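Chemist: Provide a 3D model corresponding to the input given below.
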Amino acid sequence: MRQVIVIGGGVIGLASAWWLLEAGFGVTLLESAPDVATGASFCNGGQLSYRYVAPLADAGVPFKALQWMLQSNGPLRFRPEADLRQWRWLAQFLAHCRADINRKTTIQLLELGELSRVAMAQLDMPKALFAWREAGKLVVYRSQKSLDAALARPDARNAREVLSAAGCVALEPALAAAEDALAGGIFNGGEAVADCHAFCEALAVRLAAHARFNGIVHAEASGFVCAGGQIRGLATSAGVMNADAFVLAAGIQSRTLAASAGIYLPLYPIKGYSLSAPIRATDLGPEISVTDFERKVLYARIGDQLRVAAMADIVGEDTRIDPQRVAALLRQVRATMPRAADYDQLSTWAGLRPATPGGAPIIGATRYPKLWLNVGHGALGFTLACGSARMLADAMSGKPAPPRS
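Modeler: Residues are numbered from 1 along each chain as shown. The predicted model follows:
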């Protein structure tokens, strides 16, 4: 039985570990934190958007980005770094800002999203453990131009429903205060929301009960030990670890670990914020997952909490919470859904989403036979985790990739 060390205890690493176990591998999970899912998986937006994806890199986005950066409360903030990785990633991002590339990436992500939806169902975990709700996803647009552009994108299984502004409010009354500002929306049924952190904790319990699981080692990886063109081990704070294969699924830390083996990963940490507020019996919280397209704000009911996720800050590996960014986001939330939750009992969080320039994750082999990748999922980590893990396990088992549609 081949032994694998999966590096990273977030949703991608945990899902990878499970599907590798099911494929017949022995698995050890390496996580630097005392608990699983304390990084980008901890308090994210919670949306599982299997049938709706919108890669950030697209035609017109560079001009929009300049506009956003000039807005004090805009969805994008940029802080230049004396780090070649930032500028190299930005150059690659700009090269991907073409309509034809965006369309290809969208199709790729929709295929992976459908695989993930099926894989999540096959996992067959009690969904009450992680506040799963399958209420659908409504994307609202504030301009007709944005709505028309969205309608020109590929539609997974012709499942979307186009709505007027009044139709959006009829479907989701929590949007009533914003009706006059909306041009319309697109609804996809079957989309879900859930608590990603709780999902990870439940999956960790399931891993622990698997006969081939060797346990979690809580130690920090510092780099691969390479000699003779081969990976000989992984240096960690617990000593050098070795296995028949390694899976790199450590979020943004993956780029530094890969670099220790001479591999460049085109990843950059896109910093995002989330707000969580309790929904009281008297509040008008959303029943449907809502995305405010132009403002790049996501709303989701997770259990008895309203989760709001937003912002794309290109500021390096900085997880500090900026009070000005939180205040700007809260103003937008209060204007859009003023009665949705108790905003006086707000909790805040910031995390780093490991993004590729084009928006598609990197899954598969490297030039080293022992090293495999499952990285770069950006804001879609929870959505794509199960499908990505299944793809990786199939590839490591020598199975052919599924046919492209």
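Chemist: mind listing the helices for the stretch 101-250 of the chain?
Modeler: 144-151, 165-171, 196-208 (DSSP state H, counting those that start in this stretch).
Chemist: tell me what the second one is packed against?
Modeler: Same thing as helix 165-171. strand 137-141, strand 184-188 (3 or more Cβ pairs under 8 Å, 6 or more residues apart in numbering; DSSP states H and E). Bear in mind the C-beta positions are built from the backbone N, C-alpha and C, glycine included.
Chemist: returning to that earlier point: okay, the helices of the stretch 101-250 of the chain, which one's buried deepest?
Modeler: helix 196-208 (a mean of 20; mean count of other Cβ atoms under 10 Å).
Chemist: what's in contact with that helix?
Modeler: 9-11, 14-15, 17-18, 21, 27, 29, 36-37, 41-44, 46, 125-126, 129-131, 213, 215-216, 381-382 (Cβ atoms under 8 Å, 6 or more residues apart in numbering).
Chemist: give me the phi and psi for Tyr264.
Modeler: Per-residue torsions, Tyr264: phi -90, psi 120 (degrees, to the nearest 10).
Chemist: ok, it - contacts?
Modeler: Neighbours of Tyr264 in contact, by Cβ under 8 Å, 6+ apart: Arg255, Ala258.
Chemist: quick one: it from Leu373, how far?
Modeler: 12 Å (Cβ to Cβ, to the nearest Å).
Chemist: picking that back up, redo the helices of the stretch 101-250 of the chain as JSON lines? Include mean pLDDT and distance to Phe78.
Modeler: Shown next, in JSON lines, are the helices of the stretch 101-250 of the chain (pLDDT from 0 to 100; distance: least, Cβ to Cβ, whole Å):
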{"stretch": "helix 144-151", "mean pLDDT": "93", "distance to Phe78": "22"}
{"stretch": "helix 165-171", "mean pLDDT": "98", "distance to Phe78": "31"}
{"stretch": "helix 196-208", "mean pLDDT": "98", "distance to Phe78": "27"}
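Chemist: can you list those helices in JSON lines and add distance to Cys386?
Modeler: JSON lines is the format used below for the helices of the stretch 101-250 of the chain (distance: least, Cβ to Cβ, whole Å):
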{"stretch": "helix 144-151", "distance to Cys386": "26"}
{"stretch": "helix 165-171", "distance to Cys386": "28"}
{"stretch": "helix 196-208", "distance to Cys386": "10"}
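Chemist: any quick ChimeraX command for the buried ones out of the contacts of helix 196-208?
Modeler: Here is the ChimeraX command that selects the buried residues among these (16 or more other Cβ atoms under 10 Å):
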select :9,10,11,14,15,17,18,21,27,29,36,37,41,42,43,44,46,125,129,130,131,213,216,381,382
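Chemist: restricted to helices, list the contacts of helix 196-208.
Modeler: Val11, Leu14, Ala15, Ala17, Trp18, Leu21, Gly381, Phe382 (DSSP state H).
Chemist: residues contacting the fifth one?
Modeler: Counting by Cβ under 8 Å, 6+ apart, Trp18 makes contact with Leu123, Leu203, Arg206, Leu207, His210, Ala389.
Chemist: switch the cut-off to 7 Å
Modeler: If you count contacts by Cβ atoms under 7 Å, 6 or more residues apart in numbering, Trp18 has them with Leu203, Arg206, Leu207, Ala389.
Chemist: repeat for the second one
Modeler: Contact criterion Cβ under 7 Å, 6+ apart gives Val36, Cys200, Leu203, Ala204, Leu207 as the residues in contact with Leu14.
Chemist: just the first one next, same as before
Modeler: Contact analysis of Val11 by Cβ under 7 Å, 6+ apart lists Ala37, Ser41, Cys196, Phe199, Cys200, Gly381, Phe382, Ala385.
Chemist: change it to 10 Å
Modeler: 36-37, 39-42, 44, 196-197, 199-200, 203, 249, 251, 377, 381-386, 388-389 (Cβ atoms under 10 Å, 6 or more residues apart in numbering).
Chemist: surely Lys236 touches Ser32?
Modeler: In this structure residue 236 is Thr, not Lys. Yes. With contact defined as Cβ atoms under 10 Å, Thr236 reaches Ser32; the gap is 8.7 Å.
Chemist: need the residues touching each of those two.
Modeler: Contacts common to Thr236 and Ser32, judged by Cβ under 10 Å, 6+ apart, are Ile7, Val217, His218, Ala219, Glu220, Ala221.
Chemist: need the buried ones from those selected in ChimeraX.
Modeler: This is the ChimeraX syntax for the buried subset of the shared contacts of Thr236 and Ser32, where burial follows 16+ other Cβ under 10 Å:
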select :7,217,218,221
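Chemist: buried set for the lowest-mean-pLDDT helix or strand in the chain?
Modeler: Ranking every helix and strand in the chain by mean pLDDT, DSSP states H and E puts helix 61-70 at the bottom, with a mean of 86. Residues Val61, Lys64, Ala65, Trp68 are the ones in helix 61-70 that count as buried (16+ other Cβ under 10 Å).
Chemist: so the second one makes contact with Lys145?
Modeler: No. Under the criterion of Cβ under 10 Å, Lys64 makes no contact with Lys145, lying 11.5 Å away.
Chemist: any residues in contact with both of the two?
Modeler: If you check Lys64 and Lys145 against Cβ under 10 Å, 6+ apart, no residue is contacted by both.
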